[in-house]
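In: Got a predicted model here, sequence first, then my questions.
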Amino acid sequence: MDYQASKPVDPAVFEAMKPFFLKKFANASSLHYDGDIATQALEDSRKKVANFINAAEPREIIFTSGATESNNLAIIGHAMRNKRKGKHVIVSEVEHISIHNIAKYLQKNGFEISKIPVDFNGIIKLDKLKEKIREDTILISVQLANNEIGTIQPIEEITKMAREHGIVVHSDAVAAEGLIPIDVQQLKIDLLTLSSNDIYGPRGVGALYIRKGVTVNPIIIGGGQERGLRSGTEDVAGIVGMAKATELAQISMTAEAKRLTELRDYLIKNILEIIPKSHLNGHPTKRLPNNAHFRFDYIEGESLLLSLKDEGISIATGSACSSKTLEPSHTLISLGLLHEEAHGSLEVTMGQYTKKEHIDYLIEVLPGVVERLRKLSPLTSEEDM
Ligand code: PMP
């Protein structure tokens, strides 16, 4: 129930990668015959990833070590390259922690950051975005969908507004990829972050789409691989794995999204009906097919998580990337929830091996766990029981 934090590698992806560990191990920069094989695999992979998001040209894809690096390259790379045009960057309040920390880094380095608030469902407020756009705004970063509450953003409206002002738009597509279609030309996105593991590829690989004509400075300097934008010997096996994962996602996405949406809605309906004082976080319909995010009054999410762990359920209260802080999720606070409400949340993310019987098991176990914890909770009053 925690697929957002990690997904298994698809067996077909693993098979596609194997030869590049064992036999076809040459460096893609080598000029000999074996090097050519690695280069060919790298360029075929670039085509596949480009095709996955309908990029106009394969060369618009730069392979990286994952989403964090792609976010760094997009935002720091673009900001540093374009600082003469302006030093103002806009990000949404519900971005992944990596984006917020990149924004802090830019702030320390002389940039000004504005944050766009969201409504109670997690959708960014377009009127506030409009207000924050300035002459010196060079970049807007808004995710395609949220990695915690699954809310899908109106990205076309954002890019339309940005284009009118000549501002580049970056979007972190990690939570959305493989679940909703992504067409960078139609959506008019300029920089797009992709990760491999989120579509059942290996971890430690990702990509940044950089629309032709959009400029970024490299953040990793070295031998000049990836058009000089990301130096370091390419992880050909990992990249082949990511490309295979994009192919598989394209084939299965429509049917899988339908299957997961049905499971999601079945889960949400049952939990909200069975458990008193339970709520859904995020948008009721504009949400990822695999995401159900609940809030239970008078309960602390961590004790819920630990009780469910005892029942054999692996589940999260929020983003694994932020689990080391005791602070409530910044995403939930941005919705306008109180700290104690945010702390009482449970995040269910499903994946390709999630079956109805798993959902039924959660529906069977969760009400009893919530009831037991509420009895122990100092926050529960007699009349609430
Ligand atoms: N962006 C989003 C939306 C994420 O959920 C994550 C974490 N999976 C990242 C970026 C960072 O990914 P990674 O830790 O693989 O670099």
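Out: That came in fine, so what should we check first?

In: which residue ranges form the strands in the chain?
Out: 61-64, 88-92, 112-116, 137-141, 168-172, 191-195, 206-210, 278-280, 291-296, 345-349 (DSSP state E).

In: Would you mind saying which of those strands lies nearest Ala316?
Out: Relative to Ala316, the nearest member of the strands of the chain by CB to CB is strand 345-349, separated by 4.7 Å. (Glycine included, C-beta is placed from N, CA and C.)

In: ok, now which ones touch the residue lying closest to Ser30 once chain neighbours are set aside?
Out: In this structure, Ser30 finds its nearest non-sequential neighbour in Ala38, 7.2 Å apart by CB to CB, 6 or more residues apart in numbering. For Ala38, the contacting residues are 20, 24-28, 30, 234, 236, by CB atoms under 8 Å, 6 or more residues apart in numbering.

In: before we move on, the earlier item: let me have the strands of the chain in CSV, extended by distance to Glu262, mean neighbour count and mean pLDDT.
Out: Below are the strands of the chain laid out as CSV (distance: least, CB to CB, whole Å; neighbours: other CB atoms under 10 Å; pLDDT from 0 to 100):
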stretch, distance to Glu262, mean neighbour count, mean pLDDT
strand 61-64, 33, 26, 98
strand 88-92, 29, 24, 98
strand 112-116, 33, 18, 98
strand 137-141, 33, 24, 98
strand 168-172, 27, 27, 98
strand 191-195, 26, 28, 99
strand 206-210, 30, 28, 98
strand 278-280, 16, 17, 97
strand 291-296, 12, 25, 97
strand 345-349, 14, 26, 95
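
In: could you dump the ones you listed to CSV with distance to Tyr361?
Out: As requested, the strands of the chain are arranged in CSV below (distance: least, CB to CB, whole Å):
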stretch, distance to Tyr361
strand 61-64, 38
strand 88-92, 35
strand 112-116, 39
strand 137-141, 38
strand 168-172, 32
strand 191-195, 29
strand 206-210, 33
strand 278-280, 18
strand 291-296, 14
strand 345-349, 12
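
In: Return the distance of the residue of the stretch 151-300 of the chain found nearest the ligand relative to Asn281.
Out: Per CB to the nearest ligand atom, Val174 is where the stretch 151-300 of the chain lies closest to the ligand, at 3.7 Å. To Asn281, Val174 is 19 Å away according to CB to CB, to the nearest Å.

In: cool, Leu126 as well?
Out: The gap separating Leu126 from Asn281 is 21 Å, by CB to CB.

In: isn't Ser377 right up against Ile299?
Out: Yes. Using CB atoms under 8 Å, Ser377 is in contact with Ile299, at 6.3 Å.

In: report the longest helix in this protein, please.
Out: For the chain, the helix with the greatest residue count under DSSP state H is helix 236-274.

In: Now that one: buried residues?
Out: 236-249, 252-253, 256-257, 259-261, 263-264, 267-268, 270-271 (16 or more other CB atoms under 10 Å).

In: can that helix be found next to the ligand?
Out: No. Using CB under 6 Å from any ligand atom, helix 236-274 stays clear of the ligand, coming no nearer than 11.9 Å.

In: Show me what that helix is packed up against.
Out: Secondary-structure packing of helix 236-274 (3 or more CB pairs under 8 Å, 6 or more residues apart in numbering; DSSP states H and E): helix 11-22, helix 33-52, strand 278-280, strand 291-296, helix 356-376.

In: And Leu126 and Asn281? Which one has more around it.
Out: Taking neighbours as other CB atoms under 10 Å, Leu126 and Asn281 compare with Asn281 leading, 28 against 15.

In: quick one: contacts for Leu366?
Out: Contacts for Leu366 (CB under 8 Å, 6+ apart) come out as 271, 275, 308.

In: How much space separates it from the ligand?
Out: 24 Å (CB to the nearest ligand atom, to the nearest Å).

In: cool, and Thr39?
Out: In terms of CB to the nearest ligand atom, Thr39 sits 26 Å off from the ligand.

In: wait, that residue sits on His32?
Out: No. When contacts are counted by CB under 8 Å, Thr39 is not listed as touching His32 (10.6 Å).
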